[in-house]
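**Q** Starting from these lines, generate the structure:
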Amino acid sequence: MKPSTNRMLTRIKSVYMFIHEKGTVTTQQLVDEFGITPRTVQRDLNVLAYNDLVHSPSRGRWAATKKKVKLTS
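**A** Predicted coordinates:
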């Protein structure tokens, strides 16, 4: 796996874990927490939403779904 792909997957996992722990977060909170651009956050959220791991209860807010996930390090 390319190093850039590994970094991306690690970041997406971290974003998911952050959302899961906090409950509901805003896109801006993710930008501030991870120091990445709003566009990068949106791409990561799109991956998570496509895999039914997060949903947007209202514009700009994100929450984890009830889908069971086995997290590995």
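**Q** hey, let's count contacts and neighbours off CA atoms from now on
**A** Noted.
**Q** can you give me the strands for the chain?
**A** Taking DSSP state E as the test, the strands found in the chain are 24-26, 54-58, 61-64.
**Q** Need the contact partners of the shortest one.
**A** What it means is strand 24-26. By C-alpha atoms under 8 Å, 6 or more residues apart in numbering, the list of residues contacting strand 24-26 from outside reads 19, 60-64.
**Q** at 10 Å instead, please
**A** Contacts made with strand 24-26 from outside it, assessed by C-alpha atoms under 10 Å, 6 or more residues apart in numbering, are listed as 18-19, 32, 54-64.
**Q** Could you give the average pLDDT over the biggest helix by length in the chain?
**A** Scanning the chain for the longest helix, with DSSP state H as the assignment, gives helix 3-22. Here helix 3-22 scores 93 as its mean pLDDT.
**Q** Buried ones in it, by neighbour count?
**A** By 16 or more other C-alpha atoms under 10 Å, the buried positions in helix 3-22 come out as 11-13, 15-16, 18-20.
**Q** May I have that helix exported as PDB, CA atoms only?
**A** Output of helix 3-22 as PDB, limited to C-alpha atoms (Å, rounded to 0.1, in the frame of the first residue of the first chain):
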ATOM      1  CA  PRO A   3       2.300   5.600   2.100                       C
ATOM      2  CA  SER A   4      -0.200   8.300   1.100                       C
ATOM      3  CA  THR A   5      -3.100   5.700   1.100                       C
ATOM      4  CA  ASN A   6      -2.000   4.500   4.500                       C
ATOM      5  CA  ARG A   7      -2.000   8.100   5.800                       C
ATOM      6  CA  MET A   8      -5.500   8.700   4.300                       C
ATOM      7  CA  LEU A   9      -6.900   5.500   5.900                       C
ATOM      8  CA  THR A  10      -5.400   6.300   9.300                       C
ATOM      9  CA  ARG A  11      -6.900   9.900   9.100                       C
ATOM     10  CA  ILE A  12     -10.300   8.600   8.100                       C
ATOM     11  CA  LYS A  13     -10.200   6.100  11.000                       C
ATOM     12  CA  SER A  14      -9.200   8.900  13.400                       C
ATOM     13  CA  VAL A  15     -12.100  11.100  12.100                       C
ATOM     14  CA  TYR A  16     -14.600   8.300  12.600                       C
ATOM     15  CA  MET A  17     -13.300   7.600  16.200                       C
ATOM     16  CA  PHE A  18     -13.500  11.300  17.000                       C
ATOM     17  CA  ILE A  19     -17.200  11.500  15.800                       C
ATOM     18  CA  HIS A  20     -18.000   8.200  17.600                       C
ATOM     19  CA  GLU A  21     -16.600   9.500  20.900                       C
ATOM     20  CA  LYS A  22     -18.100  13.000  20.700                       C
END
